[in-house]
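[1] Give me the fold of what follows.
(one chain, ligands or ions: 1)
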Amino acid sequence: MNSDPIISIRGVNKTYAGGFQALKNINLDIKRGEIFALLGANGAGKTTLIGIVCGIVNASAGNIIADGYDTRRDYRAVRAAIGLVPQELHTDAFESVWATVNFSRGLFGKPPNPAYVEKVLRDLSLWDKRDAKIMSLSGGMKRRVLIAKALAHEPTILFLDEPSAGVDVELRHDMWRMVRELRANGTTIILTTHYIEEAEDMADRIGVINKGELIIVEDKAVLMRKLGKKQLTLTLRQSMTEIPAELDAWALTLTADGERLVYSFDTQEEETGIAELLRRLNEHGIDFKDLSSNESSLEDIFVSLVHQSQGTQS
Ligand SMILES: Nc1ncnc2c1ncn2[C@@H]1O[C@H](COP(=O)(O)OP(=O)(O)OP(=O)(O)O)[C@@H](O)[C@H]1O
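    Modelled structure (predicted):
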């Protein structure tokens, strides 16, 4: 298998006409056949970056090679390799689903392949709607059409921009099943999201973008291990109003109702300090009726990364 990155982004900057710098020196390689999740808050620059890779938005500086082609010089070849599922549908409302999806295929110079288009429509539960006009479809069905259109020309790279925004559970599950199937067949998938569970569930690697800067790119499992914290929660027998000074060494937090003490510790540390904490609680007559532990989610990690990065920027 070809181990060269399928997309190679070098020194990409984007300043919009009004002078706003939406992307700052982005360098990123996407591996062939991976699912890469680009995380970031609203306005972080995700859509801009996708737009640049797809050749819809012009970069102010930098170069991108996608599937062996330069996005500026070989624009058409790059577009033919990419399927883009945008956030919104701008499409021919009076056309049927079947015509729209076949038309998308034709746009990229691909010969008709009714069997393939049928499979895409069936996979997306759109087959029964193939003769319906786009304007008569529900919002969720329109999203399905967007995905079908993006897949119509059998792209090797698929971009999904906020695929779960405003989508019901059923469609989300259909979509993820398809994404996994596509990956199994060798398609590279890049998705942007602010639903972090989605990335946690699906992605092989994760990139976090904050105010136009790519602040981390990491294997998901490594990210979770490196930055993950565990939390021990003690449900107190008697609520308290403040944490006794004798327990300062543990940097505990008390929930607003005063009923639970929470201790966060690093999963990498050899000594967690839990045994000593429990002994100290006992000495101070602080009794608890329950104890539970949990690991931090990708969401916690994401929030703390963005927080740290904001701290260093200001
Ligand atoms: N055409 C434009 N002209 C000027 N500024 C723009 C333009 N398009 C986007 N921006 C600005 O660039 C920044 C990045 O926008 P972008 O759409 O890439 O963010 P995003 O991470 O995709 O956000 P969201 O999650 O809301 O989709 C935002 O501050 C946005 O206002």
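[2] where in the chain is pLDDT low?
    Filtered on pLDDT under 70, the chain yields the residue ranges 1-2, 89-92, 225-228, 267-269, 296-298, 310-314.
[3] Contact residues of it facing the ligand?
    By Cβ under 6 Å from any ligand atom, the residues of the chain that approach the ligand are 16, 18, 20, 22, 40, 42-48, 194. Yep, even glycine has a C-beta here, placed from its N, CA and C like the rest.
[4] try 5 Å this time
    Counting by Cβ under 5 Å from any ligand atom, the chain comes close to the ligand at 16, 20, 22, 40, 42-48.
[5] Next SSE downstream of whichever strand or helix holds Q231?
    Assessed by DSSP states H and E, Q231 sits inside strand 229-236. As assigned by DSSP H and E, the chain's next helix or strand after strand 229-236 is strand 253-254.
[6] picking that back up, with distance to T156 added, can I get the residues of the chain next to the ligand in TSV?
    Formatted as TSV, the residues of the chain next to the ligand follow (distance: Cβ to Cβ, whole Å):
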residue	distance to T156
Y16	30
F20	33
A22	27
G40	25
N42	30
G43	30
A44	26
G45	24
K46	21
T47	21
T48	23
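[7] Which ones among those lie within helices?
    46-48 (DSSP state H).
[8] Of the residues you listed - the most surrounded one?
    K46 (24 neighbours; other Cβ atoms under 10 Å).
[9] Contacts only, for that residue.
    Residues counted as contacts of K46 (Cβ atoms under 8 Å, 6 or more residues apart in numbering) are 38, 40, 161, 192, 209.
[10] Now that we have the residues of the chain next to the ligand, which of them are buried?
    22, 40, 44-48 (16 or more other Cβ atoms under 10 Å).
[11] from these, which single one is nearest A93?
    In terms of Cβ to Cβ, no member of these lies closer to A93 than T47, at 23.4 Å.
[12] now, the most widely separated pair of the residues of the chain next to the ligand?
    It's Y16 and G40 that sit farthest apart of the residues of the chain next to the ligand, by Cβ to Cβ, at 16.8 Å.
[13] picking that back up, redo the buried ones among the residues of the chain next to the ligand as CSV? Include distance to L171.
    Listed next are those as CSV, based on distance: Cβ to Cβ, whole Å:
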residue, distance to L171
A22, 30
G40, 23
A44, 25
G45, 27
K46, 21
T47, 21
T48, 26
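[14] And the residues you listed, which is closest to V145?
    Using Cβ to Cβ, these come closest to V145 at T47, 19.9 Å.
[15] Test my guess that that closest one contacts A165.
    No: using Cβ atoms under 8 Å, T47 is not in contact with A165; the gap is 11.7 Å.
[16] Show me the common contact partners of those two, please.
    Q87.
[17] any chance of the contacts of K46 in a markdown table, with secondary structure and distance to R183 too?
    As requested, the contacts of K46 are exported to a markdown table (DSSP: H, G, I helix; E, B strand; the rest coil; distance: Cβ to Cβ, whole Å):
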| residue | secondary structure | distance to R183 |
| --- | --- | --- |
| L38 | strand | 16 |
| G40 | coil | 22 |
| D161 | strand | 18 |
| T192 | strand | 17 |
| I209 | strand | 22 |
